[in-house]
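Novice: next come a sequence and a model predicted from it.
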Amino acid sequence: MTALVPALLRYLRGRGAEPSSLAVAFGLPVDVDAHDEAGLAPSRVSELLEQAANALGEPYLALRLPAELPFRTYGPPELVVHASATLGDALLRIARYAHFVHPQLQCSFAVDGALAHFRQAVATPPRSSVRYAHEYGLAHALAHATRAAGVVLTPSRVWFASPRGHDVAPLHRFFGTRAIDFGCEDSGFTIDAALLDTKVTSSDPRLLTTFEGVVEAALRAQPRQRPCEALVATRIEGLLPSDASIDAVARALHMSPRTLQRRLDTSRPRHPVQKQTPRQRRRKRKRRTGAKHGCM
């Protein structure tokens, strides 16, 4: 369940676009925009973002949405971010709880000397709609970090796993930098680490203690992600539209195609083999004996 879907359809209605046909096309209730949350397969959330952008004729709509979507309630992950003590703490929690923002996002935040890096991967097979998840995720992180700390964050560098589009000027304007790369291993942005000690204006230790346990429990309840498949997906995405064969992906990951295939095979979930009780083994032998004598 995600609050993003009904909020997005409410946004479309507010912009003069009728969302009911889009809801039906995605197998959602016609009145889904009247709900607080809705269930939709993770990959289809990105497709819905793409269709919303097409409906409004705004290719970079995903960049605006985090600051403009009409959410009706605050989710616990959002509350703990804004209850954090510093900007650095807020960014750590934005990364940790990114799955609740968009179900395909896998993020991390780390400091390297004078620079701090927010990284984001999208766990999905590559398709054009994934670009919208990348853009929405980075815009969301910057919007909430800016709101929490009360300072405008201008990245010194931004990068995307998605390929370069025809017109990237809107990206330059939004992020405030021309240092934007495409076709990378993941997506992300870099900011000055000196900003991380900035106090969060809404910091609330009591609220943080109250809700962080709730969010952590919800996070543990989420299905385990398979990092190998997510990494391969982002590599394929960066290689498109040219050579995205298994040989090319393996070279990009510095391994042989055979090793890559073996790691993908081992990353798939395996169902545990249940041991049979002595009684079950006797029954099985009896059935086999009966089958030999034409009883089954």
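Specialist: Nice, I can see it.

Novice: now Leu9: how far from Ile180?
Specialist: Applying Cβ to Cβ, to the nearest Å, the value for Leu9 to Ile180 is 30 Å. Glycine gets a C-beta too; all of them are placed from N, C-alpha and C.

Novice: make that Phe100, sorry
Specialist: Distance of Phe100 to Ile180, given as Cβ to Cβ: 27 Å.

Novice: between Leu9 and Ile180, which one's more packed in?
Specialist: Each of Leu9 and Ile180 has its neighbours counted (other Cβ atoms under 10 Å); Leu9 has more, 26 against 17.

Novice: need the residues that contact whatever helix or strand that one lives in.
Specialist: Following DSSP states H and E, one finds Leu9 within helix 4-14. The contact list for helix 4-14, computed with Cβ atoms under 8 Å, 6 or more residues apart in numbering, reads 18-19, 22-23, 28, 32-38, 40, 45, 48-49, 52, 55-56, 65, 68-72, 101-102.

Novice: using CSV, write out the CA atom coordinates for the helix or strand following that helix.
Specialist: Next helix or strand after helix 4-14 toward the C-terminus (DSSP H and E): helix 20-25. C-alpha atoms of helix 20-25 as CSV (Å, rounded to 0.1, in the frame of the first residue of the first chain):
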residue,chain,number,x,y,z
SER,A,20,-10.7,7.9,-13.5
SER,A,21,-9.7,6.5,-16.9
LEU,A,22,-6.1,6.2,-15.7
ALA,A,23,-7.3,4.5,-12.5
VAL,A,24,-9.2,1.9,-14.5
ALA,A,25,-6.3,1.3,-16.9
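
Novice: quick check: angle from whichever strand or helix holds Gly137 to helix 4-14?
Specialist: For Gly137, the host element (DSSP H and E) is helix 130-149. Counting by axes from the mean of the first three to the mean of the last three Cα atoms, to 10 degrees, helix 130-149 lies at 90 degrees to helix 4-14.

Novice: just how off-centre is the helix or strand just after helix 130-149 within its chain?
Specialist: The helix or strand immediately downstream of helix 130-149 is strand 157-159, counting by DSSP H and E. Put simply, strand 157-159 sits 18 Å off its chain's centre (Cα atoms, centre = their mean, to the nearest Å).

Novice: contacting residues around the helix or strand just after strand 157-159?
Specialist: The C-terminal neighbour of strand 157-159 among helices and strands, as given by DSSP H and E, is helix 169-175. Helix 169-175 is contacted from outside by 59-60, 63, 139, 142, 154-155, 158, 178, 180, 189, using Cβ under 8 Å, 6+ apart.

Novice: how about the spatially most central residue of the chain, what does it touch?
Specialist: With distances taken as Cα atoms, centre = their mean, the residue of the chain nearest its centroid is Leu105 (1.4 Å). For Leu105, the contact set (Cβ under 8 Å, 6+ apart) comprises 98-99, 120-123, 133, 137.

Novice: returning to that earlier point: state the mean pLDDT of the helix holding Gly137.
Specialist: Rounded to a whole number, the mean pLDDT of helix 130-149 is 93.

Novice: for stretch 153-163, same thing?
Specialist: 94.

Novice: what's the answer for stretch 10-26, then?
Specialist: Across stretch 10-26, pLDDT averages out at 93.

Novice: Val119 falls within a strand, correct?
Specialist: Not quite, residue 119 is Arg, not Val. Yes: counting by DSSP: H, G, I helix; E, B strand; the rest coil, one finds Arg119 located in a strand.

Novice: can you tell me the closest non-neighbouring residue to it?
Specialist: Ranked by Cβ to Cβ, 6 or more residues apart in numbering and with sequence neighbours excluded, the top spatial neighbour of Arg119 is Gly188, at 4.1 Å.

Novice: just give me the neighbour total for that neighbour.
Specialist: 25.
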